[in-house]
Structure formats: C-alpha cells, structure tokens
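J.: just the structure for this:
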Amino acid sequence: MSRKKKDENDVLTTRNSDHTGAIICTTIFNGGNYIGWSSGMRLALEAKSKLVYIDGSLVVPKESKVFDKWRKMDCLVCSWILNTVSDEIKSNYSSTTTALDLWLDIKERYQENNGPQAYQIQKAISNLRQEPLPACDCDPRTVCCYRMTKLVVQVDTSNKLTQFLMGLNKYFDNARQQILLMDPKPSLNRAYAMLLSIERQKEVQTLMNEQTDNFAMSMKENFDQQRSQNNTRNNRGK
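T.: Down below sits the predicted model:
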C-alpha cells in the first residue's frame, strides 16, 4: 500500500475510541480562551490524524463511497469540537455544515478578542528572565532543522513585536490595539512603519486644525474690525 493511500485511510478511518460523545480536549471553550482551546484541539486532532478536517488541506471527495466515509468522519469531528464548547456558545452553531466551516466561524468570531489577552500575558511576564530559544542539533540541510529554525525566527519576531508594543506610551493605545488585532501579525519593521504613518497623519491633522483655527481667528478679527469701522462712520454721520 502506498504512503498516500495509507494517509487517506487514516484520515477516513475511525478507531474504537472515536465516538460522538468523546471529549478529546480538556479545555472547554468559553469565548475568552480561544488561544488555549484552539491549540489543545489542534493537538488532539493531529494525534488522531484528523487535523486535515479543520486546516483546509483535505479535498472533499467526489466518489460517492469515499464521500460517505468522509461525511461520517466530518460529522464526528464536528461533534468533537462542539463537545468542548460551552452550551451558551454551542447553540450558535447548530446548523454548521462542515467541521471546517465550524472551525473557521469560531476562529473569525473569537480569535481577535485574544490579541489584547496575549498582550496582557506578555506584559505580566516581561520582567522575568528570558530563557534561550530552542535549538536543533540536526544537520542544517534536514527538514527538521529547517522547520525548527523557521519556528524560532517566528517566535523571536513575535516576542520582539510584543515587547516593542509594550514600550509604547498611552498616546499610541489605539494604534497598539489595532496591531494586536491583526491576523497575521505584522513584522516588527511593518509595525514601526505603521506607527510612523499614524504619527505623521496626526501631525498633519494637528497642523490643519491649527491653520483652520488661525484662519477662523483672522476672519473674526477682520469682521470685528470692519464692524467697528462701520460703527464709527455711522456715528460721525449723525
């Protein structure tokens, strides 16, 4: 049996422990803990070779027999996700068609709420001693080392971005909030450029406001002066 065929069988096959009432993740999603819940669910699904049902990499089969197997497994994955969602939130997804749609709907609605949460966590631990980043002892040419290097760079970049945002004063609160809610997060250079752009826009707006105020004041002075001159002429004519 080819490797590809074996992987397809794993994706479409259920095990003895796979049933609709199973709770594969101990974290219950309550609307405010998306980061921890989604990470736990992804790990659990990957361990069961079912992560493809929510990451978009699985193409829905067209052959009827294979489609039936896929549909049954997809419904099972849906039930696993809903089993770890609070009853209050679960009621909003009673008519979701596929596991992927369910996963993306939850992500779209709740993921952005956790940007500030992650920021607060980083801020709370910012004074702790930073441990060395993970390293890989494999041959640099191997896939393992490549993935580890890429992961380390991503983690380091994310940490630097968060530390940079934490160092900003209250003047940039709105801009910081916008950056934290972005998905995916921008690079440190991009975030810096965004803040410079916002700063320039504020400077231009301030200058325009000052010019408008000066113009209005000048017009008022001219009007008062003209009215005073008219009153003087009227008084002389009496």
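
J.: name the nearest residue to Ala99, ignoring sequence neighbours.
T.: In space, and not counting its chain neighbours, Ala99 is closest to Val77: 4.0 Å by Cβ to Cβ, 6 or more residues apart in numbering. For the C-beta atoms, the positions are set from N, CA and C on the backbone; glycine is no exception.

J.: beyond the host helix or strand of the one you found, next helix or strand please.
T.: Taking DSSP states H and E as the criterion, Val77 maps to helix 64-83. With elements assigned by DSSP H and E, the helix or strand that comes after helix 64-83 is helix 87-90.

J.: quick check: which ranges of this structure have low pLDDT?
T.: By pLDDT under 70, the weakly predicted segments of the chain are 1-9, 112-153, 200, 202-216, 218-219, 221-224, 230-238.

J.: how are the helices of it distributed by residue range?
T.: 3-12, 34-47, 52-55, 64-83, 87-90, 99-110, 115-125, 143-166, 173-180, 188-237 (DSSP state H).

J.: domains for the chain, by residue range?
T.: 3-125, 168-237 (automatic domain parsing).

J.: neighbours of Val85, how many?
T.: Val85 is flanked by 20 other residues according to other Cβ atoms under 10 Å.

J.: sorry, wrong one. I was asking about Cys78.
T.: The tally of other residues near Cys78 (other Cβ under 10 Å) stands at 22.

J.: give me the number of residues near the closest residue in space to it that isn't next to it in sequence?
T.: Distance criterion Cβ to Cβ, 6+ apart; nearest residue to Cys78, sequence neighbours excluded, is Ala99 at 4.8 Å. For Ala99, the neighbour count with other Cβ under 10 Å is 24.

J.: try Met73
T.: Residues lying near Met73 (other Cβ under 10 Å) number 19.

J.: contacts only, for it.
T.: Val11, Leu12, Thr14, Lys50, Tyr53 (Cβ atoms under 8 Å, 6 or more residues apart in numbering).

J.: buried ones in the helix holding Val77?
T.: Residues Lys69, Trp70, Met73, Asp74, Leu76, Val77, Cys78, Trp80, Ile81, Leu82 are the ones in helix 64-83 that count as buried (16 or more other Cβ atoms under 10 Å).

J.: now do stretch 161-180
T.: Leu161, Thr162, Leu165, Phe172, Ala175, Arg176, Ile179, Leu180.

J.: check the gap between the last one and Ser187 for me.
T.: Here Leu180 is placed at a distance of 14 Å from Ser187 (Cβ to Cβ, to the nearest Å).

J.: I appreciate the help and will end here.
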